[in-house]
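1. what would the 3D arrangement of this be:
(chains A and B)
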Amino acid sequence: MNKTLTAEAMMNQIPDGASITIGGSSLSRKPMALVRALARSGRKNLTLIVNVGGPEVDLLLGLGVITKVIYAFVGFEVMGLAPNFRRARQNSNVTFEEWTEYTVMAGLDAAIKRVPFLPTRAGLSTDVLTVNPSFRTITDPFGGETLVAVPAIHPDFALIHVNYADERGNGVILGDGHIDVLCAKAAKTTFMSCERILHGDELQRFGRDVQIMRIHTQGVAELPWGAHPTGCAPEYRADLRHMEEYMEATGDLERWHAYQDRMVWVDHEQYLDRMGGRESMVSRLHV
Amino acid sequence: MMEYTLDELMIATMAHQFSGEVMVSSVTAFGALAALVAKKTHAPELAVLATPESGMEVTPLPTLTLGQFLTDVQRGIPLTMEEIFDAIFCDLFRIWINPAQIDQFGNVNISAIGPWQQPKVALVGSRGIPEDTSHLSQIFYYVLHHNPRSVVSRVDFRSGAGNGPERDQLLGRSGAPTLLVTDLGVFTFSGPGGSMAIVSLHPGVAAEMVQERTAFPIAGLTDSFAITPEPTTEELEIIRTADPLEVRKLELLSGDKAAEKFVAIYERERQALHVAWPTRSRI
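-> Purely as a prediction, here's the structure:
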């Protein structure tokens, strides 16, 4: 059994209009190499589903290929607001649906459990319920209490990046897990990139760190530095200097197009070269 | 008494609020340092995390990029997001939240300035605040720049539930605002109708200055208030030892000074990590 695919072959399976959930969290372990391949694929009218979103949402919004975003948060943490997200929220035809961290998890979990919704108190007495048309309030049939019904979220695809994987599609996550397991289970098709592909028996030595099970995975690609410019613990940290460069590039159209030419419309090897090559990346970012 | 700065006064004040055997996330430098001070002084049972979601039983080191690496080098206990939210739902979790706006009834906003549908400034989104403000028996907020744009009469968007009839009906006291610490003082939400009231003002702060920098009339405002206790020598030493790069100062700085400090910390923090915890071997 061998599920290895190139990033490009994965993206060929994604149609226009697909809904895609993305793992990681803000500046941590985002599948950025896959996201750049998605950007190059020319797919459009996509729906993104994220819990804590960051550069992946911002980049795809900046390329104009997104029609809807489901999110609990989109930002660059210590770096501030995500510029393309901010611009799109303030002035664009993109549909934004604000959820919360647990309700995104509950929506994916409802899909996994094949139930139409899961109940929670999260969101009561906040304006999230006012602006998000997906939620309903329901009455607890046992005790009569008012609860929020979180509808199931059914992503067509999940994109995640992990430390190690085997060819069969098992994946090891060594840093914080975020909601990658939920993404992989809830999506109809899961594509996973990894820092390194290991033999199955080597991978199995990681025990409980094997968090992604192959029964949920349809494609695997070895893409070292595949989370860059976000970090991938415990190997490399987020490249905040590059994030600064990115944020400056979003400031006007000319610089933004130049950034795309240099960093998006190139394959992964060229991308690493443009970052100064692997040796320089190790010296700046390895921990 | 050692000399201290505003960030240290606020962190020590925040630390005093923690108690019991509960989980504390390290989301901001202020919150992480407050948890550490509490754990090393009056609240040794606290379960302090290295990151917002993981790394239990570590000594937090405020950094820009190294939270998860701290978990690794100190062999912190790896948790999952499910465990974090279960701790929140079971009221075994505490956090200091830094909202963009807080209002007289303790509603908070991190989603949008102006109308949500057409924001003047789109902020980040409610994240996990609705979970906190519907389940925790203590909710702590801090604001670094107390002014009429941050301490407002009504938030533009309720990311987190304050006091009021809707909360009383739907949530009772679960998740109600407990305390607000700002650069001017310490406040509760125990005034009329669950409105903001003064607990203490920081040394040198006058009541009328607080009123000037607050967008609504503060209930029960008089001239005599308690003064916030100054940080002890022990508290200051814990803060300074744990944050040698002064990441905590970044939250109060802006402009060129913030940019310079930011770069200096980013370039030096790997070295600081390795000095404190020599890297163990990996495969």
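2. OK, now which residue of the stretch 101-250 of chain B is nearest to chain A?
-> Sorted by distance to chain A under CB to the nearest CB, the residues of the stretch 101-250 of chain B start with B:Ala122, at 3.3 Å. Yep, even glycine has a C-beta here, placed from its N, CA and C like the rest.
3. show me the beta-bridge partners of that residue.
-> Residues in a beta bridge with B:Ala122, per DSSP bridges, are B:Ala112.
4. give the contact list for it.
-> Neighbouring residues of B:Ala122 by CB atoms under 8 Å, 6 or more residues apart in numbering or on different chains: A:Leu81, A:Phe85, A:Arg86, A:Arg89, A:Gln90, B:Ala112.
5. so how far is A:Arg87 from it?
-> 8 Å (CB to CB, to the nearest Å).
6. where does pLDDT dip in chain B?
-> Within chain B, the stretches with pLDDT under 70 are B:279-283.
7. quick one, strands of it?
-> Using DSSP state E, the strands found in chain B span residues B:23-24, B:47-48, B:93-94, B:96-97, B:101-103, B:108-109, B:112-113, B:121-122, B:140-143, B:151-152, B:179-182, B:185-188, B:197-201, B:226-227.
8. among these, which is the most enclosed?
-> Among these, the stretch with the highest mean neighbour count (mean count of other CB atoms under 10 Å in any protein chain shown) is strand B:108-109, at a mean of 28.
9. is that strand up against chain A anywhere?
-> No - applying CB under 8 Å from any CB of the partner chain, one finds strand B:108-109 separated from chain A by no less than 8.6 Å.
10. what's next to that strand, contact-wise?
-> By CB under 8 Å, 6+ apart, strand B:108-109 touches B:97, B:99-102, B:123, B:129, B:133, B:141, B:155-160, B:162, B:177.
11. the residue in the stretch 51-200 of chain A that chain B sits nearest to and B:Phe30: what is the separation?
-> Ranked by CB to the nearest CB, the top residue of the stretch 51-200 of chain A for proximity to chain B is A:Arg89, at 3.3 Å. When CB to CB is the yardstick, A:Arg89 and B:Phe30 sit 27 Å from each other.
12. before we move on, back to that, pull the contacting residues for the residue of the stretch 51-200 of chain A closest to chain B.
-> By CB under 8 Å, 6+ apart, A:Arg89 lies in contact with A:Phe96, B:Ala112, B:Pro119, B:Ala122.
13. please repeat the previous calculation with a cut-off of 6 Å.
-> Applying CB atoms under 6 Å, 6 or more residues apart in numbering or on different chains, we find A:Arg89 in contact with A:Phe96, B:Pro119, B:Ala122.
14. let me know the closest of those residues to A:His178.
-> Of all the contacts of A:Arg89, A:Phe96 has the smallest distance to A:His178: 21.0 Å, by CB to CB.
15. now B:Asp72, nearest residue through space, not along the chain?
-> Spatial nearest neighbour of B:Asp72, chain neighbours left out: A:Pro234 (3.9 Å); criterion: CB to CB, 6 or more residues apart in numbering or on different chains.
16. distance check, that neighbour against B:Ala29.
-> A:Pro234 is 21 Å from B:Ala29, by CB to CB.
17. and those two? Which one has more around it.
-> A direct count of neighbours by other CB atoms under 10 Å in any protein chain shown for A:Pro234 and B:Ala29 places B:Ala29 higher, at 25 against 21.
18. how about the residue nearest to the more buried one when sequence neighbours are not counted, what does it touch?
-> Spatial nearest neighbour of B:Ala29, excluding adjacent residues (CB to CB, 6+ apart): B:Pro62 at 3.7 Å. Shown in contact with B:Pro62 (CB under 6 Å, 6+ apart): B:Ala29, B:Ala32, B:Asp243, B:Val247.
19. the last one: neighbour count?
-> Read that as B:Val247. Each residue near B:Val247 was counted by other CB under 10 Å, and the total is 24.
20. same check, this time on the second one
-> Counted with other CB under 10 Å, residues neighbouring B:Ala32 total 29.
21. roughly how far does the nearest residue to it once chain neighbours are set aside sit from chain A?
-> Nearest residue to B:Ala32, sequence neighbours excluded (CB to CB, 6+ apart): B:Ser26, at 3.7 Å. For B:Ser26, the distance to chain A equals 12 Å [CB to the nearest CB, to the nearest Å].
22. tell me the contacts of B:Ser26?
-> Neighbour list for B:Ser26: B:Ala32, B:Leu49, B:Ala50, B:Pro60 [criterion: CB under 6 Å, 6+ apart].
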